[in-house]
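# okay, predicted coordinates and the sequence, questions at the end:
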Amino acid sequence: MSYSRASAASYLAVQFATLATETGQTTGDTSGGFGPAIDNALRKLGGTAEADLATASVADANVSAFLALCEYYALVRFARALATRVDTGITAVEGDREQMFSHVRQLIAMAREECAAQGYPVDGSEAWSYARLQLDYIEPEPV
């Protein structure tokens, strides 16, 4: 037996129905839905050639790790969608969005721990972060 992409998309749709509605993301295995999260999970899991991602399935022994990775990459995608949303108008409530974004960050941390527990650590480089950019190329200062 094996676990298919369609099964993973269905699982993610059930798990993240509210976030999908909030961000306007579709819930299918498409580029606008959970397809990129499933692709990234398969890449991290290994054993699937890039050309075979669209038809890949996962062996029963790897289903737990695969679903943990799918959840992580789906949550990172939701975090990006929430971070780039801009509400305008009098009825926009920014406090609610910050609270939701905070909850998604907590879910990402939990998903990262689950991936590590399954033997597939993710370093968080897929998530957004702040960095320093040195543009003084004529007289650079020592860092």
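Okay, I see it. Residues are numbered from 1 along each chain as shown.
# give me the buried positions along the helix ranked longest in the chain.
Using DSSP state H to define each element, the chain has its longest helix at helix 94-117. Buried positions in helix 94-117, judged by neighbour count with 16 or more other C-beta atoms under 10 Å: 97, 100, 104, 107-108, 111-112, 114-115. The way it works is simple: take the backbone N, C-alpha and C, and place the C-beta from them, glycine included.
# now stretch 10-19
Buried, per 16+ other C-beta under 10 Å, within stretch 10-19: 11-13, 15-16, 19.
# give me the neighbour count for G28.
Other residues near G28 come to 15 when the count uses other C-beta atoms under 10 Å.
# so who does it touch?
9, 13, 34-35 (C-beta atoms under 8 Å, 6 or more residues apart in numbering).
# out of those residues, who's the most crowded?
Of these, with other C-beta under 10 Å as the count, F34 tops at 29 neighbours.
# that one reaches C70, doesn't it?
Yes: between F34 and C70 there is a contact under C-beta atoms under 8 Å: 7.4 Å.
# what's in contact with the worst-scoring helix or strand of the chain on mean pLDDT?
Using mean pLDDT, DSSP states H and E, helix 94-117 stands out as the lowest-scoring helix or strand of the chain, at a mean of 81. For helix 94-117, contacts defined as C-beta under 8 Å, 6+ apart pick out 19, 22, 44, 65, 68-69, 71-72, 75-76, 78-79, 82-83, 85, 87, 121-122, 124, 127.
# please flag which of those residues sit within helices.
Going by DSSP H, the helices hold 19, 22, 44, 65, 68-69, 71-72, 75-76, 78-79, 82-83 from the contacts of helix 94-117.
# just the buried residues out of the residues you listed, in ChimeraX syntax.
Selection of buried members from these for ChimeraX, criterion 16+ other C-beta under 10 Å:
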select :19,22,44,65,68,69,71,72,75,76,78,79,82
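# can you list the ones in helices among the contacts of helix 94-117 in a markdown table and add distance to D52?
Listed next are these as a markdown table, based on distance: C-beta to C-beta, whole Å:
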| residue | distance to D52 |
| --- | --- |
| L19 | 29 |
| E22 | 33 |
| K44 | 15 |
| A65 | 18 |
| A68 | 21 |
| L69 | 17 |
| E71 | 22 |
| Y72 | 22 |
| L75 | 25 |
| V76 | 23 |
| F78 | 27 |
| A79 | 28 |
| L82 | 32 |
| A83 | 32 |
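# perfect, that will be all.
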